[in-house]
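Colleague: Sequence plus the predicted model coming up.
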Amino acid sequence: MSSNNVILLLGSNINFPEKNIDFAIELINNNLGAIIAKSSKIMTDPIEFVSKNIFCNIAVLISTQFSPIKVLNIVKKIEYGMGRTEDSFVKGCYQDRVIDIDIVCFGNIKFCSHKLTIPHDKHLTQREFSRELLDELNLIIKNKQ
């Protein structure tokens, strides 16, 4: 079975955000695939909604044998298992969250369905903090080669 390199972006802004990120990375490594590289964590203000809680964010590269939909299903299980009760996609707006895990890129695959679009355009083109994390991750990957 072939494997794909997948870039995920994680964010948390309640209930000990840095610890939430660390725990989510452990769950990703155990349930999705090996962590190949990760950016540093950065603290950012909420975007597209108002909150007094600051986000901790990180980008990670994993290697997985799962399909995009299977990865999405596992990511959602991790989010709900960590206590996320409502999904922004379902609710239609952003709010504070224990953990948010977005699939940014999935190898060279372009994928579009009702629940998932790859690549994740907002993270690649519209969000400054995302581009900062992704640039750092790409530099780390390049230096490993």
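Modeller: Nice, thanks for sending it over. Predicted model only: the values in this text are computed from it and were never measured.

Colleague: Am I right that residue 115 falls within a strand?
Modeller: No - per DSSP: H, G, I helix; E, B strand; the rest coil, residue 115 lies outside any strand segment and is coil.

Colleague: how about the strands in this structure?
Modeller: Shown for the chain, the strands assigned by DSSP state E span residues 4-12, 34-38, 42-44, 55-64, 100-106, 111-112, 117-118.

Colleague: how close does residue 81 sit to residue 135?
Modeller: Going from residue 81 to residue 135 by C-beta to C-beta, to the nearest Å gives 30 Å. Backbone N, C-alpha and C define where each C-beta goes, glycine included.

Colleague: what do you get for residue 59?
Modeller: Residue 59 is 9 Å from residue 135, by C-beta to C-beta.

Colleague: quick revisit: can you check which of the strands of the chain gets nearest to residue 125?
Modeller: When the strands of the chain are compared by C-beta to C-beta, strand 100-106 sits nearest residue 125, at 11.1 Å.

Colleague: Quick one: list the elements packing against that closest one.
Modeller: Counting contacts by 3 or more C-beta pairs under 8 Å, 6 or more residues apart in numbering; DSSP states H and E, strand 100-106 packs against strand 4-12, helix 68-81, strand 117-118.

Colleague: ok now the first one, how far from the chain's centre?
Modeller: By that I understand strand 4-12. Distance of strand 4-12 from the chain centroid (C-alpha atoms, centre = their mean, to the nearest Å) equals 4 Å.

Colleague: What of stretch 107-121?
Modeller: 14 Å.

Colleague: gap between the two ends of that stretch?
Modeller: With C-alpha to C-alpha, to the nearest Å as the measure, stretch 107-121 spans 15 Å from end to end.
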